[in-house]
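K.L.:
structural data only, the sequence is not supplied:
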């Protein structure tokens, strides 16, 4: 099936978030992904009016290149930045952990850059947001950040993947309370059912 789409509605305190996350397989080596993330808060925050578009290319049996661009035109982003907040990432990945194959592993290197207020609440569906792999401090890993992220993953047990990310990233813009050094190390154990 070449087209896969998820519709998401999430109620959080004073507003509802709406999302559409879709992927279209062009052929066995190429895929396009797109998302739309909005909130219905017209008065207070209006943090999200975000659209993303990405591409994934299987270069050969071991290597995959992917990239994604996003833009948040919300009232919050417009007010705080004087315009829309933009974000993108580019990733090269060698192999990868296959959950059903113990001992399989892979590594990736990702460059990421996101303007302040692109993802102020850690909610967007851009592949590198916490929905994809998480971020422990200062809100979202795709908000006011730029730099490289090195990752390694390995299937340690049947349907169990261990992943570690090292990210010596910096902020894009000086803002109250956001440290210049936003580096982190994150380890995860994912179970697949």
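P.N.:
Sure, I can see it. All values derive from a computational prediction rather than experimental measurement. Numbers count the residues shown, from 1 in each chain.

K.L.:
hey, let's count contacts and neighbours off CA atoms from now on
P.N.:
Will do.

K.L.:
quick one, helices of the protein?
P.N.:
Ranges of helices in the chain, per DSSP state H, are 75-81.

K.L.:
show me the shaky parts of it.
P.N.:
Residues of the chain that meet the criterion pLDDT under 70 lie in 1-15, 42-44, 122-141, 176-178.

K.L.:
do you know how far residue 98 is from residue 65?
P.N.:
Residue 98 is 18 Å from residue 65, where distance means Cα to Cα, to the nearest Å.

K.L.:
brain fart, residue 102
P.N.:
With Cα to Cα as the criterion, residue 102 and residue 65 are 24 Å apart.

K.L.:
shouldn't residue 102 be in contact with residue 158?
P.N.:
Yes: using Cα atoms under 8 Å, residue 102 is in contact with residue 158, at 5.8 Å.

K.L.:
so what sits against both of these two?
P.N.:
Among the neighbours of residue 102, none is also in contact with residue 158 (Cα atoms under 8 Å, 6 or more residues apart in numbering).

K.L.:
residues near residue 79, how many?
P.N.:
As a burial measure, residue 79 scores 12 neighbours (other Cα atoms under 10 Å).

K.L.:
residue 26: neighbour count?
P.N.:
Residue 26 has 12 neighbouring residues, counting by other Cα under 10 Å.

K.L.:
is it true that it touches residue 32?
P.N.:
Yes: with contact defined as Cα under 8 Å, residue 26 reaches residue 32; the gap is 7.3 Å.

K.L.:
which other residues reach stretch 186-193?
P.N.:
Stretch 186-193 is touched from outside by 99, 135-136, 159-166, with contacts defined as Cα under 8 Å, 6+ apart.

K.L.:
let me fix that: stretch 171-184
P.N.:
Counting contacts by Cα under 8 Å, 6+ apart, the residues outside stretch 171-184 that touch it are 113-116, 135-136, 138, 144-146, 165-170.

K.L.:
tell me how far the closest residue to residue 91 other than its chain neighbours lies from residue 40.
P.N.:
Closest residue to residue 91 in three dimensions, ignoring its sequence neighbours and counting by Cα to Cα, 6 or more residues apart in numbering: residue 110, at 4.2 Å. When distances are taken as Cα to Cα, residue 110 and residue 40 turn out to be 32 Å apart.

K.L.:
of these two, which one has the most company?
P.N.:
Neighbours around residue 110 and residue 40, counted as other Cα under 10 Å, are more numerous at residue 110. The numbers are 19 against 16.

K.L.:
list the contacts for the more buried one?
P.N.:
Contact analysis of residue 110 by Cα under 8 Å, 6+ apart lists 89-92, 148-150.

K.L.:
could I get these as CSV with distance to residue 180 and neighbour count?
P.N.:
Below are the contacts of residue 110 laid out as CSV (distance: Cα to Cα, whole Å; neighbours: other Cα atoms under 10 Å):
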residue, distance to residue 180, neighbour count
89, 20, 22
90, 22, 18
91, 23, 18
92, 26, 18
148, 15, 19
149, 16, 19
150, 19, 17
